[in-house]
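Engineer: structure here, sequence nowhere to be found:
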């Protein structure tokens, strides 16, 4: 019995053909290629730090002055550099698998010969400079930056290489979302002194666990939708398994069910966060649901744009909606609507 929603078309490209295509070009990488594998075009993803910044501003009431602006710039640059360090080893270690992907086979590390010494030197320098800037912000920001790099190692490097393990691939990559939220949070949150640092002090300085889980599961939903689109694009389970080992286990149905689970879990914890911490944001919930639904509609398209942010930007109406949604969130962060507090009063109590 076919367990997919969409029947697989006859594959026109075999693994042997993909190998032949990738081995036909062996051009040494230049400076521009080493810059490209750091993917500076993906730095825009660090905009996911901003909700953490905004929420911390409300919680701590930090003035919008030059000190905060400098910390914000340093934090963004630091995060971009550490994220780029992860991209560098991602591109290098994925080259032998990306050649089986219809789109990723054009990546620099696939079509160029890169020097591993230069790759690891680039990885080290990006991480070192990123950590140096993180040190200037706070010990909490530095710890989360190190966590971001460590998760990149777990995701890409054997024997861990979580990207090859079914479901763990999505969960381990999407954890970057709450990491970015925490980095934004710690740009604003009061810094713990390096001499007075304790595990307990660090734990109590973290943002609410409900928003961390909601952010994580929201990212997992987006990532599972991307996996779904990739799986459908390749249209050949055997070839898909060569590109990503987890695709040997995934089916379209299992990916769709996981997307449903991640979306529900994200919505549940988001609801807890909104009710406990900012009731005004409850107004944004139906728009949040529409955002997820619209993203799913795009994810179901043939050769879906959700496979890469650069393609997603071409969906202008969706991007306009995202912009308006962000404006709504920012507005609700700073506007008080006292009448909504009535919703917090328990009309019936089952805790007897």
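Structural biologist: Structure received. Quantities reported herein were computed from a predicted structural model and do not represent experimental measurements.
Engineer: report the contact partners of residue 201.
Structural biologist: Contact partners of residue 201, counting by CB atoms under 8 Å, 6 or more residues apart in numbering, are residue 192. For every residue, glycine as well, the C-beta is placed using N, CA and C.
Engineer: how much space between residue 72 and residue 170?
Structural biologist: Residue 72 sits 30 Å away from residue 170, taking CB to CB, to the nearest Å as the criterion.
Engineer: so those two - more neighbours on which side?
Structural biologist: Neighbours were tallied for residue 72 and for residue 170 using other CB atoms under 10 Å; the higher tally belongs to residue 170 (27 against 18).
Engineer: next secondary structure after the helix or strand where the more buried one lies?
Structural biologist: Here residue 170 sits within helix 168-174, counting by DSSP states H and E. Stepping forward along the backbone from helix 168-174, the first helix or strand reached (DSSP H and E) is helix 176-188.
Engineer: I'd like the average pLDDT over the longest helix along the chain.
Structural biologist: For the chain, the helix with the greatest residue count under DSSP state H is helix 66-98. Helix 66-98 comes out with an average pLDDT of 95.
Engineer: please name every helix or strand in contact with it.
Structural biologist: If contacts are counted by 3 or more CB pairs under 8 Å, 6 or more residues apart in numbering; DSSP states H and E, helix 66-98 sits against helix 108-111, helix 116-137, helix 139-156, helix 176-188, helix 237-243.
Engineer: residue 107 against residue 95, yeah?
Structural biologist: Yes - with contacts defined as CB atoms under 8 Å, residue 107 counts as touching residue 95 at a distance of 7.4 Å.
Engineer: got the buried residues for stretch 300-309?
Structural biologist: Counting neighbours by 16 or more other CB atoms under 10 Å, one finds that the buried residues in stretch 300-309 are 300, 304-308.
Engineer: cool, and stretch 332-347?
Structural biologist: Across stretch 332-347, burial judged by 16+ other CB under 10 Å covers 332-333.
Engineer: now that stretch, how far from the centre of its chain.
Structural biologist: Between the centre of stretch 332-347 and the centre of its chain there are 31 Å (CA atoms, centre = their mean, to the nearest Å).
Engineer: also stretch 257-269?
Structural biologist: The chain centre lies 16 Å from the centre of stretch 257-269; the measure is CA atoms, centre = their mean.
Engineer: state the three-state secondary structure for residue 228.
Structural biologist: Judged by DSSP: H, G, I helix; E, B strand; the rest coil, the three-state class of residue 228 is helix.
Engineer: tell me how far residue 45 lies from residue 79.
Structural biologist: When distance is defined by CB to CB, residue 45 is 10 Å away from residue 79.
Engineer: can you check residue 295 too?
Structural biologist: With distances taken as CB to CB, residue 295 is found 24 Å from residue 79.
Engineer: neighbour count: the two, which is higher?
Structural biologist: For residue 295 and residue 79, the more surrounded residue by other CB under 10 Å is residue 79, and the numbers stand at 27 against 21.
Engineer: read off the pLDDT value for residue 337.
Structural biologist: On pLDDT, residue 337 comes in at 88.
Engineer: could you do residue 247 as well?
Structural biologist: Looking at residue 247, its pLDDT reads 90.
Engineer: what about the closest residue to it other than its chain neighbours, how many neighbours?
Structural biologist: Distances taken as CB to CB, 6 or more residues apart in numbering place residue 240 nearest to residue 247, at 3.8 Å, with adjacent residues excluded. Burial of residue 240, expressed as a neighbour count using other CB under 10 Å, amounts to 24.
Engineer: repeat that for the one 10 residues further on.
Structural biologist: The local packing count at residue 250 equals 23, with neighbours defined by other CB under 10 Å.
Engineer: on the three-state scheme, it is what?
Structural biologist: State at residue 250, reduced to three classes by three-state DSSP: coil.
Engineer: returning to what we had before: tell me the most buried of the helices and strands packed on helix 66-98?
Structural biologist: Per-residue neighbour counts averaged over each of the helices and strands packed on helix 66-98 give the maximum for helix 176-188, namely a mean of 26 (mean count of other CB atoms under 10 Å).
Engineer: for that helix, name the packing helices and strands.
Structural biologist: Looks like helix 176-188 contacts helix 50-60, helix 66-98, helix 139-156, helix 209-234 (3+ CB pairs under 8 Å, 6+ apart).
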